[in-house]
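In: quick one, what's the 3D model for this:
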Amino acid sequence: MSASRWRCVLFVAVLGGIASIGEAQSGLAETPEESPSATASADSHAHEVDRPKSELEEYLGQYLDAFNQGDAKAAAALWAEDAVWRSDTAGSATIGREAIETSLAEVFAAKPALKLSTRIDRTHVITDGVVSLVGTTTTSSPGEDPMASAFTAVVKKTDEGWRLCDVHEYAPTVAMAPRDKLQELAFLVGEWQDDNEAASVSTTVRWGAGESFLVRSYVVSGDDGEPVLQGTQVIGWDPRAEKFRSWSFDSEGGFGDGVWSRTGDEWIGRLTQTLPDGALASATQVIRQIDADTLEVATVGREVAGEPQPSAEPVRVSRVVAADEEKVAGGD
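Out: Got it, this is the predicted structure:
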């Protein structure tokens, strides 16, 4: 593909472009294996980390058993005498084993069939005999929806064995659904047109099924009005990387992807494209929304097969307004 055609591909890509960690229940996160070349000191530290693992698993299992049997006394006995139990959701702090036993007894009296499960996502050895835990708990009771809480906890090995010293419960972070994140790009939905010296580009952006992706179709036409390139792009939210991504495919066999981020009123995309001949092209695009019906697009850092290409001048892309909308706007 020629450099001029690649300019079209990169430009029409603009709208499309913007356009378990822990163990289940009471298990602890696994400690990564040491490589054969690890030092003796590192091996020793790994053993120190692993040593309390089985003891903690047994201890946490005992706590779950006591809780799920509704035994407030047995469950409270597994807390330290001066333990602190803080709950952001309840807006309270319970201090001391005796007070914790009273609180648990009240809970069990109100909900005799209440059950607890835990998930430990991270463990950290603070010092010998002191470990911090990060995870989530889920409580369930017949006829009610399960309730989840995130927590951090410090457990300490005492003369009585492992005991909870400090527990902080708070509302878990709820990941935003892809369709909700994509609302940031909802302004792209509709028909767009760009007429420049290189080509005429007509674009339609619509919601995919479930509004979990945006789907963009485009047609690049030459001076005679005949299509010279067509393509499709899919725009979505990557919850793992927490970035917007785009995937593009054109009628000549080219394909590519992009990663997009927002800075102020600009969308910045880093795009790569595999051309039909196997060559790799890349560019950075900056898109700024002028108003609801106009975008300004700048393309910089362009390369084709490792060869730098001139940056394109910023261009304007306009929304196509239906004839009846124009009449309403004009007051006719």
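In: and for Ser311, the neighbour number?
Out: Burial of Ser311 is recorded as 13 neighbouring residues (other C-beta atoms under 10 Å). Where you see a C-beta, it was placed from the backbone N, CA and C, and this is true even at glycine.
In: and the gap between it and Ala283?
Out: Per C-beta to C-beta, to the nearest Å, Ser311 is found 9 Å from Ala283.
In: what do those two both touch?
Out: Common contacts of Ser311 and Ala283 (C-beta atoms under 8 Å, 6 or more residues apart in numbering): Thr299, Val300, Gly301, Arg302.
In: drop anything exposed from the residues you listed.
Out: Thr299, Arg302 (16 or more other C-beta atoms under 10 Å).
In: farthest pair within the shared contacts of Ser311 and Ala283?
Out: Thr299 and Gly301 (8.2 Å; C-beta to C-beta).
In: and for those two, which residues touch both?
Out: Ala283, Thr284, Ser311.
In: name the nearest residue to the second one, sequence neighbours excluded.
Out: The spatial neighbour of Thr284 that comes closest, neighbours along the chain excluded (C-beta to C-beta, 6 or more residues apart in numbering), is Gly301 at 4.4 Å.
In: what's the answer for the first one, then?
Out: Closest residue in space to Ala283, ignoring its immediate chain neighbours: Arg302 at 4.3 Å, by C-beta to C-beta, 6+ apart.
In: which SS state does the one you found fall under?
Out: Following DSSP: H, G, I helix; E, B strand; the rest coil, Arg302 is assigned to strand.
In: isn't it right next to Gln285, touching?
Out: No - the pair Arg302 / Gln285 is not scored as a contact, 9.6 Å apart, by C-beta atoms under 8 Å.
In: can you give me the distance of Ser217 to Val321?
Out: 19 Å.
In: ditto for Ala75
Out: According to C-beta to C-beta, Ala75 and Val321 sit 67 Å apart.
In: Leu56 now?
Out: 65 Å.
In: same thing with Thr137?
Out: Applying C-beta to C-beta, the value for Thr137 to Val321 is 54 Å.
In: ok, back up a step: for the shared contacts of Ser311 and Ala283, which one is nearest Arg316?
Out: Thr299 (13.4 Å).
In: thinking again about what came up before, where is pLDDT lowest across the shared contacts of Thr299 and Gly301?
Out: Lowest pLDDT of the shared contacts of Thr299 and Gly301: Ser311, 81.
In: so who does the nearest residue to it once chain neighbours are set aside touch?
Out: Distance criterion C-beta to C-beta, 6+ apart; nearest residue to Ser311, sequence neighbours excluded, is Val300 at 4.6 Å. Contacts for Val300 (C-beta under 8 Å, 6+ apart) come out as Ala283, Thr284, Gln285, Val286, Ser311.
In: what is Thr123 paired to in the beta sheet?
Out: Leu133 (DSSP bridges).
In: how about the strands in the stretch 51-200 of the chain?
Out: 79-87, 92-95, 115-127, 130-140, 147-158, 161-170, 190-195, 200-207 (DSSP state E, counting those that start in this stretch).
In: mind putting those in TSV, mean neighbour count, distance to Val228 and mean pLDDT included?
Out: Formatted as TSV, the strands of the stretch 51-200 of the chain follow (neighbours: other C-beta atoms under 10 Å; distance: least, C-beta to C-beta, whole Å; pLDDT from 0 to 100):
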stretch	mean neighbour count	distance to Val228	mean pLDDT
strand 79-87	18	64	94
strand 92-95	14	68	91
strand 115-127	16	52	91
strand 130-140	17	54	92
strand 147-158	17	54	92
strand 161-170	18	57	94
strand 190-195	17	14	88
strand 200-207	18	10	92
